[in-house]
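just need the structure, nothing else, for what follows:
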Amino acid sequence: MIKINLIAISIFALIFCSCSKSISVSALNGNAKDLYSEAEKLDEEGKKAEAVKIILMLEDLHPKDEDLGILKKKVFNNVSDAQKSSLERNEFLGFNKGYRSYDEESGIFEKIIWYIPDRFFDLIDIVSIEVNVGPQLGVGFWATRAVQAKVFAGGTLGGGYYQKKQIGYRAETSFEYGLGPVGISTVAGARVGTGGFDSTLSNEFLAQPSDKIHQEYRDYWGVGGKFGIFYIGAEAEIHPLEVADFFAGIFMFDLLNDDLA
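Sure thing, here's the model as predicted:
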């Protein structure tokens, strides 16, 4: 948990540094180097999923960095096909897909032991809710990000329950307005809690499931809304693909790759 908190602090620093006009490049690079070192350590400890998450985030900041490319190749070359499939992004499922690392598929005994806990977590993953504070103003509603109306700007710190067993907190700076899939959405945010960490630094003009933000941070297929009035706000969302995952799990099929078994 201490290691996760240190990673979160570095990510928060990257996010808010990138949003500040006065931050120096050396400070930003210093945080990036710390995260790179952490990714190497996680890879050596066999924590492939956590290492991949950091590498993908750093790639967005430094897309042409050769060392990142070498480390990413090393991580993916040293895992089985099942692991590789588990760690790779899915353009359709996006953030709904769980990213985890495992040595081999669980046997029938393990699946039976974890059956009830997995169905419970599949059920509560259907809904996410957050209450936050910070300067903000606006409102947004969506039935998937292709059918949405939003006018919102703010910088918030909130807590709640998110997808993927995530009870924790989120720091986010955003400026969004649009109707339907077209509009402007600039978001810098990070979450950390019981489910690990998620983060994004993204600009979106035409909402698609394959967008960076929908792959690593936000559910494109979600149905929900948010509001912010001066220093208080809230957000709630239902995740249809998590509903499908729950019913598939009843028959022991892990649609979203997030079962503990």
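
strands along the stretch 51-200 of the chain, start to end?
127-143, 148-162, 166-179, 182-193, 196-206 (DSSP state E, counting those that start in this stretch).

got TSV for the ones you listed, with distance to Phe95 and mean pLDDT too?
C-beta coordinates here come from the backbone N, C-alpha and C atoms, glycine included. Shown next, in TSV, are those (distance: least, CB to CB, whole Å; pLDDT from 0 to 100):
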stretch	distance to Phe95	mean pLDDT
strand 127-143	11	97
strand 148-162	10	96
strand 166-179	11	94
strand 182-193	11	92
strand 196-206	8	87
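
tabulate those (JSON lines), appending mean neighbour count and distance to Met57.
Below are the strands of the stretch 51-200 of the chain laid out as JSON lines (neighbours: other CB atoms under 10 Å; distance: least, CB to CB, whole Å):
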{"stretch": "strand 127-143", "mean neighbour count": "17", "distance to Met57": "21"}
{"stretch": "strand 148-162", "mean neighbour count": "18", "distance to Met57": "17"}
{"stretch": "strand 166-179", "mean neighbour count": "18", "distance to Met57": "15"}
{"stretch": "strand 182-193", "mean neighbour count": "20", "distance to Met57": "9"}
{"stretch": "strand 196-206", "mean neighbour count": "20", "distance to Met57": "6"}
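
and of the ones you listed, who's closest to Glu40?
Glu40 lies closest, by CB to CB, to one member of those: strand 196-206, at 17.1 Å.

next SSE downstream of that closest one?
helix 212-216 (DSSP states H and E).

hmm, who's touching that following helix?
53, 56-57, 60, 89, 91, 94-95, 145, 185, 187, 198-200, 202, 204, 207-208, 220 (CB atoms under 8 Å, 6 or more residues apart in numbering).

returning to what we had before: of the strands of the stretch 51-200 of the chain, which is nearest Phe253?
Phe253 lies closest, by CB to CB, to one member of these: strand 127-143, at 21.6 Å.

sorry, back to before: distance to Ala248 added to the strands of the stretch 51-200 of the chain, as TSV?
Formatted as TSV, the strands of the stretch 51-200 of the chain follow (distance: least, CB to CB, whole Å):
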stretch	distance to Ala248
strand 127-143	18
strand 148-162	21
strand 166-179	21
strand 182-193	25
strand 196-206	23
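
now do the closest residue to Leu56 other than its chain neighbours, the pLDDT please.
In space, not counting the residues next to it along the chain, Leu56 is nearest to Glu216; the distance is 6.8 Å by CB to CB, 6 or more residues apart in numbering. Looking at Glu216, its pLDDT is 87.

gap between Glu216 and Ser80?
Separation of Glu216 from Ser80 (CB to CB, to the nearest Å): 23 Å.

more crowded one of those two?
Glu216 (20 against 12; other CB atoms under 10 Å).

mind checking how far the more buried one is from Glu40?
20 Å.

same question for Lys72.
11 Å.

need the pLDDT of Lys3.
For Lys3, the model assigns a pLDDT of 50.

next: the one 3 residues further on.
What the model reports as pLDDT for Leu6 is 47.

ditto for Phe16
Confidence score, pLDDT, at Phe16: 50.

please apply the same query to Glu50.
75.
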